[in-house]
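Colleague: My questions concern the predicted model and sequence given below.
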Amino acid sequence: MVKRKKLILIGYWDGEATSPGWPSVHDFVDPNWDVDERLLVAEYLQTGLIARAYAGYSRCRFCGCNNGALELSDGYFVWPDGLSHYVAMHNVRLPERFVIHVIEMTDHLEAIERDDAWWRQTSLAQRSTRPV
């Protein structure tokens, strides 16, 4: 596993309960963003691993819906789990750096060769002999 010293934070927005300096989500709205690319990014955001869980829920800055209490990551970036909602439902276009990252990661996973040898040789007996 690649160990990174820092995860790049994305998708945290200015709001009533935030400290100063966060970007406004309204500045990122792009209704002309290519639909296929937008949906690819939204789906990618839903596939992150849980990095943290929080006690309270975030509210969408547009519609006020409950927008999650988790922080997700792909090992490079870290984002609130409600970020996919902003992208899919409110046409929030994330910076090009992140969009390129999503496309490259998706292309890589689709093109990489699958090695099934290890799994095929693992018998039921081998799987059940692990220490308790």
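Modeller: Okay, I see it. Residues are numbered from 1 along each chain as shown.

Colleague: by contact count, what packs against the longest helix anywhere in the chain?
Modeller: Secondary structure of the chain per DSSP state H: the longest helix is helix 96-111. With contacts defined as 3 or more CB pairs under 8 Å, 6 or more residues apart in numbering; DSSP states H and E, the packing partners of helix 96-111 are helix 35-46. For the C-beta atoms, the positions are set from N, CA and C on the backbone; glycine is no exception.

Colleague: Could I get the buried residue list for the helix it packs on?
Modeller: Arg38, Leu40, Val41, Ala42, Tyr44, Leu45 (16 or more other CB atoms under 10 Å).

Colleague: Would you tell me which one of those comes nearest to Ile100?
Modeller: Ranked by distance to Ile100 (CB to CB), the buried residues of helix 35-46 are led by Val41 at 10.5 Å.

Colleague: And that closest one, how close does it get to Ala55?
Modeller: Val41 sits 28 Å away from Ala55, going by CB to CB, to the nearest Å.

Colleague: now do His85
Modeller: Counting by CB to CB, the separation of His85 from Ala55 is 20 Å.

Colleague: likewise Trp119?
Modeller: 39 Å.

Colleague: hmm, back to that, so if I had to pick from His85 and Ala55, which one is more boxed in?
Modeller: His85 (22 against 5; other CB atoms under 10 Å).

Colleague: Just give the nearest non-adjacent residue to the residue positioned nearest the centre of the chain, would you?
Modeller: The centre of the chain sits closest to Leu45, judged by CA atoms, centre = their mean, with a distance of 2.9 Å. Distances taken as CB to CB, 6 or more residues apart in numbering put Ser84 closest to Leu45, at 3.8 Å, once the chain neighbours are dropped.

Colleague: how near is the one you found to Glu43?
Modeller: Ser84 is 8 Å from Glu43, by CB to CB.

Colleague: Where does pLDDT dip in the protein?
Modeller: Within the chain, the segments meeting pLDDT under 70 span 1-2, 4, 124-132.

Colleague: which residues in it form helices?
Modeller: So, for the chain - with DSSP H - the helices run 35-46, 83-90, 96-111, 117-121, 124-127.

Colleague: Of all those, which one comes closest to Gly11?
Modeller: Closest among the helices of the chain, using CB to CB: helix 83-90, at 3.7 Å.

Colleague: Lovely, talk soon.
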